[in-house]
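In: Any chance you can model this:
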Amino acid sequence: MTSGAPSPGHSVTMNDQQREQMASGNGFIAALDQSGGSTPKALRLYGIDEGSYSGEEQMFDLIHQMRTRIITSPAFTGERIIGSILFEQTMDREIDGRGTADFLWNVKHVVPFLKVDKGLAEESDGVQLMKPMPGLDDLLARAMEKGVFGTKMRSVIQTANPAGVRAVVEQQFEIGNRILDAGLVPIIEPEVDIRSPEKAQAEHLLREAIEAQVAQLPQNREIMLKLTLPSQGDFYADLIADPKVLRVVALSGGYTREEADRLLRENHGMIASFSRALTEGLSAQQSDEEFNATLDRSIQSIYDASLS
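Out: Residues are numbered from 1 along each chain as shown. Just a heads-up that it's a prediction; the model follows:
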């Protein structure tokens, strides 16, 4: 069933249910979207060294096995995880004989999102824009067919350069509008590098640029935001309250889970969308019992912090 297609005999569409879960559900978004460049690191943290596989195909098989183990764990359900972000290859594969997006929603009641960016361009004006995305329209059409609700795309801000920050936000919203045209909800992710000495100043510029773009959106358009945990508590409160912003989620950005959870609790109404902090402590060598217990603890701590 496509996202937004009415269910036979029902007036409430799957898309309506997913939107409601994203707007008001308690929990967080699991980011399982490491792509080619970051996959070896994700596998290494999971206890699989680069010497134990050869070539991209084996590497992607192993990361799919890891993601399948996470998604099929009894700890991973819509009761605490309201959405999950997938890499394109994960969307195209199956879990227990069903498409991954279909399995997430219809078995786990977790709303599926798709990472659509092709990585970062070289740094210019203190930022990294997104690389061109050839074939984006085809990818969005495939995502709709597979029952995906929304997308995610990431840029990075390193310094408080007004022109650079403005360029990042303009690019995000320009592509975000194409994604909305295709019937999907974009998660706009202009990450501020947590190691930047100008982090707080960059966040002020970013908030101003996002607010200007949100103000230009027509009333019937909704976006989501994925933002670095800010240096100041409740910094994005006005955006969280804006009716055109479906949800504001936080990225962990290299913070440990403990530190990320602490900062998240200082930002009311913001929920987590963590990747590394979610999989911290998981290992290929663990028994299913150990693996599920570790994942359960991670999910609970991130869930608790997202309730603040």
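In: any chance you could map the helices in the stretch 101-250 of the chain?
Out: Remark: helices assigned in the stretch 101-250 of the chain by DSSP state H, counting those that start in this stretch are 136-145, 162-181, 199-216, 237-241.
In: Nearest to residue 90 among the ones you listed would be which one?
Out: Across the helices of the stretch 101-250 of the chain, residue 90 has its closest neighbour in helix 136-145 (11.9 Å, CB to CB). Any C-beta I mention is one placed from the backbone N, CA and C, and that applies to glycine too.
In: what's that closest one in contact with?
Out: Identification of contacts with helix 136-145 by CB atoms under 8 Å, 6 or more residues apart in numbering yields 2-4, 88, 91, 101, 114, 116, 133, 151, 175, 178-179, 182-184.
In: Near residue 232, how many other residues are there?
Out: The local packing of residue 232 (other CB atoms under 10 Å) involves 11 other residues.
In: And the pLDDT for the closest residue to it other than its chain neighbours?
Out: Distances taken as CB to CB, 6 or more residues apart in numbering put residue 200 closest to residue 232, at 6.9 Å, once the chain neighbours are dropped. At residue 200, the pLDDT value in this model is 97.
In: Can you name the residues that contact the nearest residue to residue 78 once chain neighbours are set aside?
Out: Excluding the flanking residues, the one nearest residue 78 by CB to CB, 6+ apart is residue 109, at 3.2 Å. Contact analysis of residue 109 by CB under 8 Å, 6+ apart lists 21, 77, 78, 79.
In: Okay, and which of those map to helices?
Out: Using DSSP state H to define helices, the subset of the contacts of residue 109 located there is residue 21.
In: Got a PyMOL select line for the buried ones in the contacts of residue 109?
Out: Typed into PyMOL, the line below selects the buried ones among the contacts of residue 109, using 16 or more other CB atoms under 10 Å:
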select buried, resi 21+78
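In: Could you check how many residues crowd around residue 137?
Out: Neighbours around residue 137, by other CB under 10 Å: 13.
In: just to revisit the earlier point, wait, which of the helices of the stretch 101-250 of the chain is closest to residue 28?
Out: Closest among these, using CB to CB: helix 237-241, at 14.8 Å.
In: Grab the nearest non-local neighbour of residue 123.
Out: residue 158 (6.5 Å).
In: Tell me, how many residues neighbour the one you found?
Out: Neighbours of residue 158 using other CB under 10 Å come to 20.
In: Would you check that it makes contact with residue 125?
Out: No - Residue 158 is not in contact with residue 125 according to CB atoms under 8 Å; the separation is 9.6 Å.
In: about what we covered before: contacting residues around the residue nearest to residue 123?
Out: Neighbouring residues of residue 158 by CB under 8 Å, 6+ apart: 123, 126, 127, 128, 193, 196, 202.
In: The same query, at a cut-off of 10 Å, please.
Out: Neighbouring residues of residue 158 by CB atoms under 10 Å, 6 or more residues apart in numbering: 123, 125-128, 164, 191-193, 195-199, 202.
In: Also residue 271?
Out: By CB under 10 Å, 6+ apart, the residues touching residue 271 are 22, 25-29, 82-83, 240, 247-250, 264, 302-303, 305-308.
In: Report the separation between the residue lying closest to residue 266 once chain neighbours are set aside and residue 21.
Out: Leaving aside its sequence neighbours, residue 266 sits nearest to residue 233 (CB to CB, 6+ apart; 3.7 Å). According to CB to CB, to the nearest Å, residue 233 stands 26 Å off from residue 21.
In: Repeat that for residue 186.
Out: According to CB to CB, residue 186 stands 17 Å off from residue 21.
In: cool, and residue 51?
Out: According to CB to CB, residue 51 and residue 21 sit 42 Å apart.
In: pLDDT score for the closest residue to residue 201 other than its chain neighbours?
Out: Ranked by CB to CB, 6+ apart and with sequence neighbours excluded, the top spatial neighbour of residue 201 is residue 160, at 3.6 Å. With respect to pLDDT, residue 160 scores 98.
In: any idea which helix or strand of this structure has the worst average confidence?
Out: Here the helix or strand of the chain ranked lowest by mean pLDDT, DSSP states H and E is helix 276-279, holding a mean of 82.
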